Each structure stands twice: as C-alpha cells, then as structure tokens.
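>>> My questions are about this predicted structure, shown below with the sequence.
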Amino acid sequence: MLGLTPRRMAMECGGVLHVPEGFEALAETEVSMITTDSRKAREGCAFAAIPGSRVDGHDFIPDVISKGALCVIAEREPENPDGFIWIKVYSTVTALGSIARFYRENLGIPVVGITGSVGKTSTKEMVAAVLSERFRTLKTQGNYNNELGLPLTVFELNEEHEAAVLEMGISDFGEMHRLARIARPDICIMTNIGTCHLEQLGDRDGVLRAKSEIFDYLEGDGKIILNGNDDKLITIKEVNGIRPYYYGIPDEEHPAQGNEKWPRLDFYADGIRPLGLEGTQCIIHTPDGSFEVKVPVPGNHMVMNALAGAAAGFVMGIPDDLICEGIGNMERVKGRFNIIRTEKMTVVDDCYNANPMSMKASLDQLVYVNGPAVAVLGDMGELGSNEAAFHEEVGVHAAKSAIHKLFCIGTLSRHMAQAAENAKGSGVEVSWYPDVESFLEKGAAQIRPGETVLVKASHFMHFEQIVQALTEM
C-alpha cells in the first residue's frame, strides 16, 4: 500500500512504534493491506485490534501474527510483543482515520463524498454507476460510511483506481468534520435534510449544520451538488467562493428557471412516466443538453438520485451519452427497494433502514403496483422526543396509501398502528405485533399469493428475517 510502512503509520496516527531487535528493516516495508478482521489477515498485512463489547480484536493478535502479519495496531500491549512490530495507540479507530487521511492524500484521485438524511446509498450507487462508464471507480460497500467504515473503504483504494464514491453518514455534530478530514471530497453531494438523528441534532436546522461539515476540507476548485427541491439545502448559496449546482424536479413551486425563493435548476427532469416496479422513464436536462433515460428503480426519489448522478458525471467531464448509460446500468441494492419475485408474491426488500421521509417515499411507490399491496413496517430509531408523533405521521400516510393491509411491528410502531386505524377510512386492515417473532408466527400467514409486500424498518429491527421468511413461503 502506497507509503504505508509501520513507521509512517505510527507517525501519522501519533502512535508509539515498537520494533523488536532484528525487525528494523520491516519497519520500513509497505504493508500489503490493513484489516480489522483476523479472518482476512494475510502475509504482510497490518492488523488493527479494535476492542468491542462482544469481541475484542486484541484476543486475535496471536492468530494474525501466525498468518504472517507485518505489524499490529493496538490499544494495549499484546502478549509476547517481542516477536513482531506493533504500534501503541490511544484509540484504534481514531488511528485508522489518521492513517486513511494520509493514504487518501497520497493517492491523489478525485473523490465524491455523499451525505444527506435519505437516499445516500441509492445516490452513491447511481453516481458510481455513472462514473464507472469512464473511470475505474471504488464505491462504499454496505454500511461502511462511518468513522470506522470510511477508513476501511479508503484502504481498499489502490493505484489502479481513478475515482472514489464515498458515502458519509453521521448521527452527531463533529462526526462529519472528522469524516471530511479523511475523505477530503473534491465533489460534495447532499441529497436532502430530513428528520434523522434528532436525539443528537435537535431539528432539521441542526441536521443541516452537522451535514454541512462535509465542506470543511473542500478545496477552492471543488464542486458542490445540492438537491434544489430541499428548503434547507437551498439556503447554501456559496461555500468558500464555490457556487453549488442544484438539481431537482420542476413544478409550479420549483420552476426550472428558479424564482425569488427557489434557485435555478442546473440539472432537472421532466417527461416523467412511471413504468411500475420496473422503474421510470424521463428526460434529464444538463447544461450540455438533454437525453431520455430509463431509471431502473421506481419513484421520483430515484429520478432525483439519477439527477445527482448526472450532475456528478457532468462535473467529472463525462458526456451525456455515457451518463445516460450509467444511469440505466445502476444495480439494485439488497435492502434498498430491492424487488424479489417468488412464485407466490413480490417482496420489496427495503429493510436496511428507515426514517419518516423514507417510509413515506417507499409507501408512495406502491401506487405503481399491479395488484394488491401490503406494507410490513417497523420501528424507526433516533427520532428524539417526538418519536411517537413521527410514527403516527407514518401511520396516517400509510392509511392513505395504495395498500390494503398494514402490519406494524415494534414498541414504537404501536403509535403507527393506532394512527393508521384512526385515519384509514379507506378499508385498510391494520394489525400490530410486538416483535418480529410474533409477526412471523401469526401475521405472515395473512399475506396472500399475488400480493406485493413492502418490508421496511430501521436496521436494528432485523427485518431481513421477515424478507427471508416471505421469500421462502
């Protein structure tokens, strides 16, 4: 790995380098990889031992040394430390962030950083699909978008990569600043400002302030791409002399040419035609022209993600025809409105995470379903003191959506069920279950062949168990 020797890593993270006699030359040798998973350790790697509540990485140091690890990063002295190089640090996670910052700077490739309350992962996938039409592109995998996952993603970069698309997620003030210090994005994309992590951030203005820390390390020639339909993001008129590009779907309130309140849209879509669960046909306009494209995932929110991808491609110098191909080539992601068709039913696996905005957006897509639609919804986390009201809000929305059955699961979702029951008026059948197990025991049997089932909740609810059970019915 470019420039990453044990000595350089210790220097960058402020750690104390311990080099046993006879190992001096190895201290100047580049490591082959950096991992926190002892199962992935191999000859010449650096192993970062992370203490956890259930598993302590320090316990696996003998194992990684036996596999040929070049050095170890640890918070406490390992057993028998005289047989290998190790770096003593105060915090392994913090140390990895500092090492990743140095590594990212040395590679010198363009980085797109993506944040927002909703749609980060889908936008990341769309942007990566577009950039991959011209550049060898690395993208964030899974949920590697935090202070541990981001460094590990950066360490996956090598000399062959020509671009990186990094998802950046936070829950508190200061976190985005630290992530931006590692990623140093050349292009910053913000999808929207919603009601996520309000326990720490207070309100949407707090969310905006916290997300805006992504600009802290943006250089003067950097680019900013913002959702021009978001009332909070349009307040960002300029950052360090950089005028944002805005993207959006125009309507009477948001005209493409802008007005006194809303900015001009540099990238916009019209001629929008739903194709059911197969996606959406639309015309995307860029400063260079326009093109018709099929967005392969349904919903106007995915058209918005396609616009973000088009904007990123444009500022990276990709022509419209390749941008169009990239949008059409975007792959669906497990747990992100992923459509699974079985012999008995269609399951919409949207269970990776949830908040009020994304819940309502997913429910809205069920209007395009051919046949009866059902929603299995669960608790949403980190919503602060108004969590009950937010669940009620989703319940009311669900009762007015295209579904005919609503299954609510979890303690907080009792508020969702009660609100839906009170607001339905349209014959929606509502039921509540305290946990996943009770739903699988009693509720799943009420789902009939031919129905389309939306499955969505915050990740801690483990609704992937429901997806698996339904697909095996």
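Nice, I can see it.
>>> contacts, neighbours, all on C-alpha from now
Will do.
>>> Now for Val55, how many residues are close by?
Using other CA atoms under 10 Å, Val55 is surrounded by 10 other residues.
>>> From Met33, how far off is it?
22 Å (CA to CA, to the nearest Å).
>>> pLDDT-wise, which helix or strand of this structure ranks last?
helix 198-201 (a mean of 85; mean pLDDT, DSSP states H and E).
>>> on contacts alone, who are the packing partners of the following helix or strand past it?
Counting by DSSP states H and E, the element after helix 198-201 in chain order, helix or strand, is helix 204-211. Judged by 3 or more CA pairs under 8 Å, 6 or more residues apart in numbering; DSSP states H and E, helix 204-211 is in contact with helix 175-183, helix 198-201.
>>> go with 6 Å
Under the contact criterion of 3 or more CA pairs under 6 Å, 6 or more residues apart in numbering; DSSP states H and E, helix 204-211 touches no helix or strand at all.
>>> I would like the residues contacting stretch 415-429, please.
391-392, 395-396, 399, 404-405, 408 (CA atoms under 6 Å, 6 or more residues apart in numbering).
>>> which one among those gets closest to Ser438?
Among these, Cys408 lies closest to Ser438 (CA to CA), at 11.3 Å.
>>> and that closest one, that's in a strand?
Yes. Under DSSP: H, G, I helix; E, B strand; the rest coil, Cys408 falls within a strand.
>>> Next, the contact list for it, please.
Taking CA under 6 Å, 6+ apart as the test, what Cys408 contacts is 377-378, 417, 432.
>>> list the contacts for Ile339?
Residues in contact with Ile339, defined by CA under 6 Å, 6+ apart, are 347-348.
>>> how about it, secondary structure?
Assigned by three-state DSSP, the conformation of Ile339 is strand.
>>> Do you know the pLDDT at it?
Listed pLDDT for Ile339 reads 89.
>>> next one: the one 3 residues further on
Turning to Thr342, the model gives it a pLDDT of 94.
>>> how near is it to Thr471?
According to CA to CA, Thr342 and Thr471 sit 6 Å apart.
>>> before we move on, what about Gly194?
32 Å.
>>> quick one, which of these two is more surrounded?
Gly194 (21 against 15).
>>> my guess is that one meets Val118, correct?
No. The pair Gly194 and Val118 fails to qualify as a contact (CA atoms under 6 Å) at a distance of 7.1 Å.
>>> which residue ranges form the helices in the stretch 1-150 of the chain?
6-13, 61-66, 92-107, 120-131, 149-154 (DSSP state H, counting those that start in this stretch).
>>> Mind putting these into JSON lines with distance to Val293?
Output for the helices of the stretch 1-150 of the chain, formatted as JSON lines (distance: least, CA to CA, whole Å):
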{"stretch": "helix 6-13", "distance to Val293": "46"}
{"stretch": "helix 61-66", "distance to Val293": "49"}
{"stretch": "helix 92-107", "distance to Val293": "34"}
{"stretch": "helix 120-131", "distance to Val293": "13"}
{"stretch": "helix 149-154", "distance to Val293": "31"}
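>>> To Ser362, which of those helices lies closest?
Closest among those, once you apply CA to CA, is helix 120-131, at 13.0 Å.
>>> What score does the spatially most central residue of the chain have for pLDDT?
By CA atoms, centre = their mean, the chain has its centre lying nearest to Thr121, at 3.5 Å. pLDDT for Thr121: 90.
>>> Any chance of the backbone angles for the residue nearest to it when sequence neighbours are not counted?
Sequence neighbours aside, Glu167 is the residue nearest to Thr121 in space, at 6.8 Å (criterion: CA to CA, 6 or more residues apart in numbering). Glu167 has phi and psi values of phi -80, psi 140 when expressed as degrees, to the nearest 10.
>>> Glu167 and Gly371, how far apart?
According to CA to CA, Glu167 stands 36 Å off from Gly371.
>>> When those two are compared, which one has more neighbours?
Using other CA under 10 Å, the more surrounded residue of Glu167 and Gly371 is Glu167, with 30 against 11.
>>> who's the more buried one bridged to?
Ile114 (DSSP bridges).
>>> Asn145 is in contact with that one, correct?
Yes. The criterion here is CA under 6 Å, and Glu167 meets it with Asn145 at 5.2 Å.
>>> and Gly97, how many residues sit next to it?
Each residue near Gly97 was counted by other CA under 10 Å, and the total is 25.
>>> isn't it right up against Gly149?
No. Gly97 lies out of contact with Gly149 (CA under 6 Å); the separation is 9.5 Å.
>>> Okay, Ser458 and Pro185: tell me how far apart.
From Ser458 to Pro185 the distance is 28 Å (CA to CA).
>>> My error: substitute Met11 in the last question.
23 Å.
>>> Looking at these two, which is more packed in?
Taking other CA under 10 Å, Met11 and Pro185 do not tie; Pro185 has more neighbours (28 against 15).
>>> Pretty sure the more buried one sits against Val112.
Yes. The criterion here is CA under 6 Å, and Pro185 meets it with Val112 at 5.4 Å.
>>> How about Leu383, nearest residue that isn't a chain neighbour?
Using CA to CA, 6+ apart, the nearest residue to Leu383 is Leu198, at 5.1 Å.
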